[in-house]
Each structure stands twice: as structure tokens, then as C-alpha cells.
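# return atomic coordinates for the entry below.
(one chain, ligands or ions: 1)
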Amino acid sequence: MLDALEAGLVAAEDDPHLVAIGRGALPNSEGVIELDASVMVGSDLTAGSVCALQGILPAITVARWVMERTPHVMIAGQQAKRFAEQHGLKEQCLDTAESRARFAEYLERPEVKEKYVHTAHDTVTVLGNQDGKVTAASSTSGLGFKVPGRVGDSPIVGSGIYADDEAGCAGATGWGEQLWRACASYRTVRGMASGMSAQEACDETVRYMLRRLPGSREMACAVMAIARDGNFGAAVTQGTFPYWSWTGGEPQMHECSALEA
Ligand code: GLY
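Model prediction:
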């Protein structure tokens, strides 16, 4: 399962058409693409993550190496890059002609930031459950035109992802500051541990955010989850959130709409 989730994110990170992750993503306010990624395995609660990683792909693989090759959970910034290089990855330019053009547009008209931040969605999060063994992983370039070094929810265990075979796994996408404050993924897994279905637990987390963090209505914050027995769901604070499930055969698309507090 871990291999499948990693492979999916490696492909997404390499796709220059996805502006929220990996190659060609929206850069920070100085024009540099900075990546965050994380992975967590529910059988033993092991996890690995990297944040503010520059010039290296795939970030998700580096996060996995942190989990599997060190006793740590997170490595940050320049040292994450050095760690990746020590383990065999080479520095590369992640910019594309399109990403450079988006940055030039931002320099000319900083207000375009709003357009990208509010419409581009910002993260790819994947969850897996194989016979009750759950895994969660996430990769992102974070908020477009962010302050250099800013880190969001995605590499933070408990915020961007969480996995525990006793209950299930959860992951988030959207405005990282709000999702982090809510410990959105851990909260959702705790909901399932207390007996809620995945959908009920996602709804509960989003209702909590709407109640306690009203700013989370301003930009979509979504949580999704798979319970230990395989039932799954998702909820969002604003607009609609499309997500895909695969249980064999063709992938199915689903959509959830914003809840009321
Ligand atoms: N959810 C990704 C971020 O805010 O960085």
C-alpha cells in the first residue's frame, strides 16, 4: 500500500500541469518552489516528513526515507535537501516556463495571489486501506507566493495526515494554517476511534472548524478519511470538494459540498 501511495504522489509531483505540487508548482514570494510532504503508517504509527524542501523531487520519497532510514519524523529546509542528496537524489530545477510566467504575473500584480490561492486547490493527499492496514500520505507546494520558509499542515503529522490501524486514516487539503490549528487529521481519526463512521468524523471536524475557526470559510479546507472497515467520506468548509475512490475496477469520483456550522 505504501508503494502505491508513494507512486501516485511521485507521478503527481512530476506533472507540471498540477500547480499545487512538485514540478512547475506555484512558488514562494521570492519565486522559489518549496515542497512539503509526509507519510504515516497505521500499523505502528511510524511517520516521516520533509518541509521547505527546494530543488528536489520527489518530496514524498524523501519523506518516506526520513521514516525508514532515520529515527526522526521530520527534516526541514536546506538540511532536508542535503539529506535527499546524501541518499542519491540530485538537485534539479523545478521551474517551468509556465511557473516562471505565473511568478512574473505575481510580481507585476500581487493581487493575482488571491486568484491562485482561492481557485487552484493546493495539495494532493492519498489514503489507503488494505485489509484494515491504513496508510496516509500527502505532498504539496503549499500556499502560492507564501513567505519563504512557511510550512502548512501537509507535512505535520496530525494536521495534514494521520493513520492508526485501531481506527482508520485521514488527510487534509486546503488552507494549512486553519487545518493545522484544528489538528484536522488527528481529530478525524479520533472521531472514528470513538465510533463514528468516516463520513461522520469528517463532518464533525469540519463543523468544529466552522465553529471555532470561522476564517476556514474563506478558503476551502477539506478532510477525507477511510475507517478501519473501509467505509470512507469527506467534508469541506467551503464550495465543493471532488475526491476519488478506488476499490478495484474503475476509480469513482465523488463530490461533497460545504457544511453549515
Ligand atoms: N494544505 C497545504 C498548505 O496549506 O500548505
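# give the contact list for the residue of the stretch 1-150 of the chain found nearest the ligand.
Using Cβ to the nearest ligand atom, the closest approach of the stretch 1-150 of the chain to the ligand is made by G142 at 3.5 Å. Every C-beta, even on glycine, is put in place using the N, C-alpha and C of the backbone. Contact partners of G142, counting by Cβ atoms under 8 Å, 6 or more residues apart in numbering, are 28, 34-36, 122, 150-152, 154, 176.
# okay, who's weakest in the residues you listed by pLDDT?
Lowest pLDDT among the contacts of G142: D122, with 72.
# so that residue touches S139, yeah?
No: D122 lies out of contact with S139 (Cβ atoms under 8 Å); the separation is 10.7 Å.
# more neighbours: which of the two?
Set D122 next to S139 and count neighbours by other Cβ atoms under 10 Å: S139 wins out with 34 against 24.
# and the more buried one, helix, strand or coil?
Following DSSP: H, G, I helix; E, B strand; the rest coil, the label given to S139 is strand.
# that older thread, Three-state assignment for the residue of the stretch 1-150 of the chain closest to the ligand, please.
coil.
# ditto for E204
Reduced to three states by three-state DSSP, E204 is helix.
# what do you get for R207?
Once three-state DSSP is applied, R207 turns out helix.
# that one: how many residues sit nearby?
Neighbour count for R207, taken as other Cβ under 10 Å: 15.
# can you check G239 too?
Here the count is done by other Cβ under 10 Å, and G239 has 15 residues near it.
# and the pLDDT for it?
In this prediction G239 is given a pLDDT of 93.
# and what of K115?
Per-residue pLDDT puts K115 at 71.
# okay, and it sits in which element?
Secondary structure assigned from DSSP states H and E places K115 in helix 112-119.
# can you map out the helices along the stretch 1-150 of the chain?
Assigned by DSSP state H, counting those that start in this stretch, the stretch 1-150 of the chain shows helices spanning 2-14, 59-69, 77-86, 97-108, 112-119.
# dump those to CSV, plus mean neighbour count.
Compiled in CSV, the helices of the stretch 1-150 of the chain are given as follows (neighbours: other Cβ atoms under 10 Å):
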stretch, mean neighbour count
helix 2-14, 18
helix 59-69, 23
helix 77-86, 17
helix 97-108, 14
helix 112-119, 15
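# take the contacts of G142 and keep only those in strands.
34-36 (DSSP state E).
# thinking again about what came up before, intersect the contacts of G142 with the contacts of the ligand.
Residues of the contacts of G142 in contact with the ligand (Cβ under 6 Å from any ligand atom): 122, 152, 154, 176.
# okay, and the helix or strand of this protein with the least pLDDT?
When the helices and strands of the chain are scored by mean pLDDT, DSSP states H and E, helix 112-119 comes last with a mean of 69.
# distance of the residue in the chain sticking out farthest from the centre relative to R102?
Taking Cα atoms, centre = their mean as the measure, the residue most remote from the mean C-alpha position of the chain is E108, 29.2 Å away. Here E108 is placed at a distance of 11 Å from R102 (Cβ to Cβ, to the nearest Å).
# cool, A80 as well?
24 Å.
# do the same with R228
R228 sits at a distance of 41 Å from R102 (criterion: Cβ to Cβ).
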